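Asks: Dropping the sequence and predicted coords here.
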Amino acid sequence: MIQVITEPACFKCGKPLGRNGEMQEFCDDCRRIKHFYDKGRAAVFYRSMSSSIYRFKYAGRAEYADGYGEIVSDSLGNWIRSLKADALIPVPMYKKKERLRGYNQASVLARAIGKELNIPVRDDLILRTRNTVPMKKLDEKGRRINLKKAFKVTSNDVKLKSIIIIDDIYTTGSTIDEIAHEFRQVGVEKIYFCTLAIGQTI
């Protein structure tokens, strides 16, 4: 059964805070880590959709993105619209890896969300410059080291003031932070993220 995330949730990353979270603003991660993004949200608990997301990523089920786009729109549509973002930016995949898989799951998800909410998708503004170790094999520190200089904005003249980074899963925020940092360097003022699912911190 799909479990949609509800309040109380972390003000920064949207991670659910549990029964005793009413008195907290931030999760343990966001109290420890300085994030480069402004704020983010996820639609569902990863554990409630893990087998579906696995097939979406690794078993060629790109068509699942349409249903995921509806889930995100239904649960987060009002929040996303309130941001008035210029574009959705999918997390890029290393090109060789994308060719082997056949598609970038973040890109097809972003297009599905963009279609639901009538927001343009820009997958031409940032590249993954090297093939990184799969994140699920690493702890938080390892993830951040793994992603150092792994992304590059393709133009120094990015004319977007507000963007939403799109990915399938948020765990520690390492990937979102590295991308957000790159866009900060070229003057993007407001940087948010939206993911289908949010996972447990390692």
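Replies: Alright, I've got the coordinates.

Asks: Scan this protein for its longest helix.
Replies: Longest helix in the chain, counting residues (DSSP state H): helix 64-83.

Asks: Tell me the helices and strands packed up against that helix.
Replies: If you count contacts as 3 or more Cβ pairs under 8 Å, 6 or more residues apart in numbering; DSSP states H and E, helix 64-83 packs onto strand 39-45, helix 50-58, helix 105-117, strand 162-170, strand 190-198. In short, each C-beta sits where N, CA and C put it, glycine included.

Asks: Tabulate those in JSON lines, adding columns for mean pLDDT.
Replies: As requested, these are exported to JSON lines (pLDDT from 0 to 100):
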{"stretch": "strand 39-45", "mean pLDDT": "97"}
{"stretch": "helix 50-58", "mean pLDDT": "96"}
{"stretch": "helix 105-117", "mean pLDDT": "98"}
{"stretch": "strand 162-170", "mean pLDDT": "97"}
{"stretch": "strand 190-198", "mean pLDDT": "98"}
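
Asks: would you turn the ones you listed into a markdown table with mean neighbour count and distance to Pro90?
Replies: Shown next, in a markdown table, are these (neighbours: other Cβ atoms under 10 Å; distance: least, Cβ to Cβ, whole Å):
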| stretch | mean neighbour count | distance to Pro90 |
| --- | --- | --- |
| strand 39-45 | 22 | 14 |
| helix 50-58 | 15 | 13 |
| helix 105-117 | 22 | 4 |
| strand 162-170 | 23 | 5 |
| strand 190-198 | 25 | 11 |
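
Asks: which one of these lies closest to Ile179?
Replies: strand 162-170 (5.6 Å; Cβ to Cβ).

Asks: Could you report the distance from the most centrally placed residue in the chain to Lys12?
Replies: Nearest residue to the geometric centre of the chain (Cα atoms, centre = their mean): Asp167, 3.3 Å. Going from Asp167 to Lys12 by Cβ to Cβ, to the nearest Å gives 16 Å.

Asks: following the lowest-mean-pLDDT helix or strand in the chain, which helix or strand shows up next?
Replies: Ranked by mean pLDDT, DSSP states H and E, the helix or strand of the chain with the weakest confidence is helix 140-147, at a mean of 69. Going down the chain from helix 140-147, the next helix or strand is strand 151-153, by DSSP states H and E.
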